[in-house]
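Asks: need a structure here:
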Amino acid sequence: MAAVKIPHDQLSSEALAGLVEEFVTRESTDYGAVELTLETKLGQVYKQLKSGNAFIVFDEASETCNIFNKEDPRIKGLFC
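Replies: Presented below is the predicted three-dimensional model:
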C-alpha cells in the first residue's frame, strides 16, 4: 500500500467534516449491538482523531482517504 498519513488538523473543517461523515455512514461500519445517533458516531471519530487513536490515510493507488484506528492490522507498522 502506497499510503500517506494526513494530519486531521491539516484539512479544512469542511473537508474533515465530509470525510468523517462519509466514514461513519458507510453501510459496513459496525458500532456494536447498540444503535448510536449520527452525532454520537461523529463525536467518537473526532475524539479518536484528536487523541491520536485514529488517523487519516490517503491511499495513492486508489486516490482515496480512509480513517483507521492506530491498532488496525491493515496499517500496523506502516507509520511510526
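
Asks: So which bits of the longest helix seen in the chain are buried?
Replies: Identified as the longest helix of the chain according to DSSP state H is helix 38-51. Across helix 38-51, burial judged by 16 or more other CB atoms under 10 Å covers Lys41, Leu42, Val45, Gln48, Leu49. For the C-beta atoms, the positions are set from N, CA and C on the backbone; glycine is no exception.

Asks: ok, now which ones touch Ser13?
Replies: Under the criterion of CB atoms under 8 Å, 6 or more residues apart in numbering, Ser13 has no neighbours.

Asks: So it versus Phe23, what's the distance?
Replies: From Ser13 across to Phe23, the span is 16 Å (CB to CB, to the nearest Å).

Asks: swap in Asp9?
Replies: From Asp9 over to Phe23 (counting by CB to CB), the distance is 17 Å.

Asks: What sits closest to the spatially most central residue of the chain if chain neighbours are left out?
Replies: Centroid check for the chain by CA atoms, centre = their mean gives Ile67 as the closest residue, at 2.0 Å. Closest residue to Ile67 apart from its sequence neighbours, by CB to CB, 6 or more residues apart in numbering: Phe23 at 4.9 Å.

Asks: which residues of the protein fall in helices?
Replies: According to DSSP H, the helices that the chain contains are 13-24, 38-51.

Asks: now for the longest helix of the chain, which elements pack on it?
Replies: Judged by 3 or more CB pairs under 8 Å, 6 or more residues apart in numbering; DSSP states H and E, helix 38-51 is in contact with helix 13-24, strand 54-59, strand 64-69.
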